[in-house]
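A.B. asks: coords please:
(4 chains)
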Protein chains: 2
Amino acid sequence: MDTIALSQDQQRLARMLKALGNPVRFRIIQFLAEHQTCITNDIVQSTPLAQSTISQHLKVLRDAGLIQGEYEGPATCYCLDTEGVRWLKNQIGNWLSECCQ
Amino acid sequence: MDTIALSQDQQRLARMLKALGNPVRFRIIQFLAEHQTCITNDIVQSTPLAQSTISQHLKVLRDAGLIQGEYEGPATCYCLDTEGVRWLKNQIGNWLSECCQ
DNA sequence: TCGTTATATCGTAATTATACGATATAGTCT
DNA sequence: AGACTATATCGTATAATTACGATATAACGA
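C.D. replies: Below you'll find the model as predicted:
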């Protein structure tokens, strides 16, 4: 599957899906959806995992374009990347439309 | 994230997303969508990967409920699990509907 | 029954992901 | 400047994934 590569969009989509495929990251997205916006520590507090671990997961989600983070004083304020999430939902919505409804 | 576990549906969803997050498996799904139905060897031929590798990927997709396979003589005939794909598309469609469109 | 064909599974090596503690960085307040 | 707070990054151990070749399984035809 190296010769028959994915398109740019498909690569982006696969990247997002992979990011979401991890249960911890999936929960982080849910958490952000419920809380609109919050700092890293809020997310850390909601889990039994170490701060460094969560920070790592946040990076993956950020790189995938699913969340955004901006500095607020010493903290980082995270929220969903609604643009990215919408794009993802759109892609999946149109995906395999010929065969699966 | 062990204490605050995912629901049954969310686990199933995450499992599907993880399966699709791999570029090889993503291409297999595309291939099946284009060819409707085909045997393992057709998929193997379309890639530079070994037969055993593809077989392994097919198992992951099958376990995730994204494809179905049934024996046709010595071969296995694969096709999309339209039920599963539709469920996935539905889940993503309704997902985060409050915040993202 | 004995090949032949098509897959699945096994054993295993190499890579990637996941988790942690320790440390670095950067803003804030005194 | 110095202490405090919140995060990110580094180094590293462990686990999971991905790939391969070799082998097992199961149907089919001579």
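
A.B. asks: am I right that A:Pro48 is in a helix?
C.D. replies: No - remark: A:Pro48 does not belong to a helix; assigned using DSSP: H, G, I helix; E, B strand; the rest coil, it is coil.

A.B. asks: what's the neighbour count on it?
C.D. replies: By the criterion of other CB atoms under 10 Å in any protein chain shown, A:Pro48 has 10 neighbours. Quick note: C-beta positions are derived from backbone N, CA and C, even for glycine.

A.B. asks: please apply the same query to A:Gln8.
C.D. replies: A:Gln8 has 8 neighbours, counted by other CB under 10 Å.

A.B. asks: so is A:Val85 in a helix, a strand, or just coil?
C.D. replies: Here A:Val85 is recorded as helix under three-state DSSP.

A.B. asks: quick check, pLDDT for it.
C.D. replies: For A:Val85, the model assigns a pLDDT of 98.

A.B. asks: same thing with the one 4 residues further on?
C.D. replies: On the pLDDT scale, A:Lys89 is placed at 97.

A.B. asks: tell me where chain A has helices.
C.D. replies: Using DSSP state H, the helices of chain A run over A:8-20, A:23-35, A:40-45, A:51-63, A:82-94.

A.B. asks: say whether DNA strand D is contacted by stretch A:16-30.
C.D. replies: No - Stretch A:16-30 lies out of reach of DNA strand D by CB under 7 Å from any atom of the strand, never closer than 7.9 Å.
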